[in-house]
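> need a 3D model of the following:
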Amino acid sequence: MSGTRTDEASLAEPWLPRRALVVGLARSGLAAAGALARRGVEVVAADRSSDVDLGRLGDLGVELRLGTEEEAMLEGVDLVVKSPGVPAESPVVAAARSRDVPIWSEVELGYRLLPTGSRLIGVTGTNGKTTTTELLGTILRTAGRPVEVAGNVGRALTDAAEVASEGSWIVCELSSFQLEDVHTLACDVAVLLNLEPDHLDRHGSFDAYRAAKLRIFERARAKVVPRGFGAEGIEFSADDPLPAEPLIPGRHNRENAAAATAAARAAGVSDDAIARALATFPGVPHRLELIRELDGVRWVNDSKATNTAAARRGIAAYDAPLRLILGGSLKGEDFGSFARELPENIRSVYLIGAASDELATALDHARRTYVRAGDLATAVGRAAVDAEPGDVVLLSPACASYDQFANFEERGDTFRHLVEVLA
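Here you go, the predicted structure:
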């Protein structure tokens, strides 16, 4: 049975629809459906997969449609909320657009639900989003500010809106997929870290990907941009003087720290608080995460490097001899220049997953040797045999994970387990 919208909800939030369709029931879709249902909105929740953990949606009176995506689901719907994993070309989304039914991303809904007086810092870019978002959360906590970290990292923005107090700071990681369908979202501080080709399989072109990313600046009150990017805003670069040197390694992380510093200053945070946070922030899981050192060999999990630009940054963080694990699912990138520019300190390369053929072709043209390991367990086993004291074994795949894993987190966790059980 569907829920019935209450007069109280209607009076409190007059913009709420009578009936909404939530498409895609991963983390953000579940959050959106629950938030709407709790406010008395009739909710239809749909996902192509029938294997979805629905939590308490059924208890909230949400009408569930699993394993299907039919235009008939739009009957009587005033709003479609689209999860970031659902492409714009999805049949039901395209049908909604043709009927002029409003389409919102989950972050648009979450933004509208934020408590009075809360302030939003949005972070986007091709690489470094999670690290910078979590670092900004740490900086604000160090400064004594009430803060929630949300978006493409941690909890959905809609969930953060449910627990945030009036006057809270919300630091939100925003992907290009989440920014596709925003309409009123306005950041107090909007941060663009960088822009390099990514998700071309979804967006179709770099121009479309770039346009989605730049939507973060619409209605923003302060803009933080890379030096030389060519856009108006507060500029930053890896060479900026900082209140303290960051604990996390790599030039790319110094650049992330510079962006976070600029954003924190724009939010009125003192350099003293920024310095204390920079000097103690340990980084995030799956991004240059040191798993262990065994017999003089360091094992590093960089599973979040899901494109060549991110993998380049991970590789550049080390001068030591590297044993590099590459591969996964394809995202439409050309591996040619990446293979040609691999540094000489890479002693061996182990290829895994669906991208192995494309990577092998690029490495052949670059006259670089490699091992076709096939899967992560085999790659770890081969690297354990080959590595010598002083080496770093680096999982920095330059690819997405969806061929063999549910997501990059599962890939990184699997790597961690494989390394922890090495004798």
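> do a quick rundown of the helices in the stretch 201-350 of the chain.
For the stretch 201-350 of the chain, the helices defined by DSSP state H, counting those that start in this stretch cover 206-214, 251-266, 271-280, 308-316, 336-340.
> and Leu16, how far from Asp240?
From Leu16 across to Asp240, the span is 44 Å (Cβ to Cβ, to the nearest Å). C-beta coordinates here come from the backbone N, C-alpha and C atoms, glycine included.
> neighbour count for those two, which is higher?
Neighbours per residue, other Cβ atoms under 10 Å: of Leu16 and Asp240, the larger number sits with Leu16, 20 against 15.
> just to be sure, the more buried one is in a helix?
No. Applying DSSP: H, G, I helix; E, B strand; the rest coil, one finds Leu16 to be coil, outside a helix.
> hmm, it is touching Arg38, no?
No. Counting by Cβ atoms under 8 Å, Leu16 does not reach Arg38; the two are 11.1 Å apart.
> wait, a helix at Gly117?
No. According to three-state DSSP, the state of Gly117 is coil, so it is not within a helix.
> who are the contact partners of it?
By Cβ atoms under 8 Å, 6 or more residues apart in numbering, Gly117 lies in contact with Glu166, Gly167.
> from Ser168, how far out is it?
Taken as Cβ to Cβ, the span from Gly117 to Ser168 is 8 Å.
> Ser401 now?
Applying Cβ to Cβ to Ser401 and Ser168 gives a distance of 33 Å.
> more neighbours: which of those two?
For Ser401 versus Ser168, the count of surrounding residues by other Cβ under 10 Å is larger for Ser401: 23 against 20.
> contacts only, for the more buried one.
Counting by Cβ under 8 Å, 6+ apart, Ser401 has contacts Ser303, Thr306, Gly328, Ser329, Asn407, Phe408, Glu410, Arg411.
> put the buried members of those residues into a PyMOL selection.
The following PyMOL line selects those of the contacts of Ser401 that are buried, judged by 16 or more other Cβ atoms under 10 Å:
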select buried, resi 303+306+328+329+407+408+411
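> could the contacts of Ser401 be laid out in JSON lines, adding distance to Val269 and pLDDT?
Putting these into JSON lines (distance: Cβ to Cβ, whole Å; pLDDT from 0 to 100) gives the following:
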{"residue": "Ser303", "distance to Val269": "31", "pLDDT": "97"}
{"residue": "Thr306", "distance to Val269": "30", "pLDDT": "95"}
{"residue": "Gly328", "distance to Val269": "37", "pLDDT": "98"}
{"residue": "Ser329", "distance to Val269": "39", "pLDDT": "97"}
{"residue": "Asn407", "distance to Val269": "32", "pLDDT": "94"}
{"residue": "Phe408", "distance to Val269": "30", "pLDDT": "95"}
{"residue": "Glu410", "distance to Val269": "35", "pLDDT": "97"}
{"residue": "Arg411", "distance to Val269": "34", "pLDDT": "98"}
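> and of the contacts of Ser401, the nearest to Glu235?
Lowest distance from Glu235 to the contacts of Ser401 (Cβ to Cβ) belongs to Thr306, with 26.9 Å.
> circling back to that earlier point, out of the contacts of Ser401, name the ones that lie in strands.
Counting by DSSP state E, the contacts of Ser401 place none of their members in strands.
> what's the nearest residue to Glu71 if we skip its chain neighbours?
Ala95 (4.5 Å; Cβ to Cβ, 6 or more residues apart in numbering).
> again with Ala88
Using Cβ to Cβ, 6+ apart, the closest residue to Ala88 is Glu180 (6.4 Å).
> residues contacting that neighbour?
Lys82, Ala88, Ser105, Ala212, Arg215.
> got the contact list for the nearest residue to the third one once chain neighbours are set aside?
Going back to what we said before, that points to Ser105. With sequence-adjacent residues excluded and distances taken as Cβ to Cβ, 6+ apart, Ser105 is closest to Asp181, at 4.1 Å. By Cβ under 8 Å, 6+ apart, the contact list for Asp181 reads Lys82, Ile103, Trp104, Ser105, Glu108.
> let's see if you can find the most crowded of these.
Most surrounded of the contacts of Asp181: other Cβ under 10 Å gives Lys82, at 28 neighbours.
> low pLDDT regions in this structure?
1-12, 197-203 (pLDDT under 70).
> just give me the residue closest to the centre of it.
Central residue check for the chain by Cα atoms, centre = their mean: the C-alpha nearest the mean position is that of Asn152, 4.4 Å away.
> please tell me how far the residue nearest to it when sequence neighbours are not counted sits from Val92.
In this structure, Asn152 finds its nearest non-sequential neighbour in Glu173, 4.1 Å apart by Cβ to Cβ, 6+ apart. To Val92, Glu173 is 27 Å away according to Cβ to Cβ.
> what's the answer for Tyr350, then?
According to Cβ to Cβ, Tyr350 and Val92 sit 41 Å apart.
> also Tyr370?
43 Å.
> compare neighbour counts for those two and give me the winner.
When Tyr370 and Val92 are compared for neighbours, Val92 comes out ahead with 24 against 20, by other Cβ under 10 Å.
> isn't the more buried one right up against Glu69?
Yes. Taking Cβ under 8 Å as the definition, Val92 is a contact partner of Glu69 at 5.0 Å.
> list the residues that contact Leu25.
Ala33, Ala45, Ala46, Asp47, Ser49, Val52, Leu54, Leu66, Ser83.
> is Ile170 in a helix, a strand, or coil?
strand.
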